[in-house]
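Q: Requesting a structural model of the entry that follows:
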Amino acid sequence: MRLAEKVALVTGGGGGIGRASAVRLARDGARVVVADLHLAAAQTTVQAIQAAGGQAVAVQTDVTSFDSVCQAVQEAVSTYGQLDIMFNNAGVFGDGRDNVIDMPLEEYHRVVRVNQDGVFYGIKAAAAAMRNRGGVIINTASIYAYIVDRRQLPYHASKAAVVAMTKAAALELAKYNIRVVAVAPGMIDTPLVDGWRGNAHAWQILERAHMRHALGKPEDVANVVAFLASDEASFINGHAFFVDDGAAVFKR
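A: Predicted structure coming up:
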């Protein structure tokens, strides 16, 4: 129960990495606010936490709206009296249809609004709530902040921005005893990769992108998130941590 007496807010908590992380944080003793654009999905996560004996509430949150993110933070403070852990996890993948020349501007803005603006809003809102007591802000970046693929320029741009914002925010917020860190997952078996699931060749390419030729599980990332949120990681700040089975290390 290394997170006992802590309160955590997880965006994108209705599924995938967000759901696994919310469940893991609760298992470690945190009281969790599960924020998701889809309220029903957030409530399903809450039910899983409560069934295991944890405490959690759901809140509908649109991370592309600063006001909506602020409301989620306020929900944590009004329900549990504080906010100690903010996991800015909500994200979307690019549709992969067009190169940079043909890509509609709206596709670029769609990805950046969620992945980049949403993380900034989460950092800003959470830091305001933590400034008098300290805390930990964790952001979801990606190995795609460091390596590139075709037809994913908005995703690369947004995740590289998450890494840079993590470093900059860590520097600015250190005086408030707020740590800011990030995780950089490889390909994780979540609904974000469902588009490849029915194509055996494409799925094999995804698998072979990792050293042991298998996608990660959401729980693999959740385990790292829980560690980074704990006092055991108290001297870790300003860095993004790969959770990718070496995918960013070698050439395929």
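
Q: Near the closest residue to Ala145 other than its chain neighbours, how many residues? Count them for me, please.
A: Spatial nearest neighbour of Ala145, chain neighbours left out: Lys159 (4.0 Å); criterion: Cβ to Cβ, 6 or more residues apart in numbering. Every C-beta, even on glycine, is put in place using the N, C-alpha and C of the backbone. Lys159: 26 surrounding residues under other Cβ atoms under 10 Å.

Q: for the record, mean pLDDT for stretch 138-148?
A: Mean pLDDT, computed over stretch 138-148, is 96.

Q: Could you shift the numbering so residue one becomes 50, and keep it that way?
A: Yep, numbering from 50; the last one is stretch 187-197 now.

Q: okay, it in CSV with CA atoms only?
A: Provided in CSV are the C-alpha atoms of stretch 187-197 (Å, rounded to 0.1, in the frame of the first residue of the first chain):
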residue,chain,number,x,y,z
ILE,A,187,3.2,11.7,-15.0
ASN,A,188,2.7,12.2,-18.7
THR,A,189,2.2,9.6,-21.4
ALA,A,190,4.8,10.2,-24.2
SER,A,191,5.8,7.4,-26.7
ILE,A,192,8.8,5.9,-28.3
TYR,A,193,7.4,7.8,-31.3
ALA,A,194,8.8,10.9,-29.6
TYR,A,195,12.2,9.6,-30.5
ILE,A,196,11.8,7.4,-33.7
VAL,A,197,9.6,8.1,-36.7
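
Q: next one: that stretch to chain centre, how far?
A: 10 Å (Cα atoms, centre = their mean, to the nearest Å).

Q: buried set for it?
A: Ile187, Asn188, Thr189, Ala190, Ser191, Ile192, Tyr193, Ala194, Tyr195 (16 or more other Cβ atoms under 10 Å).
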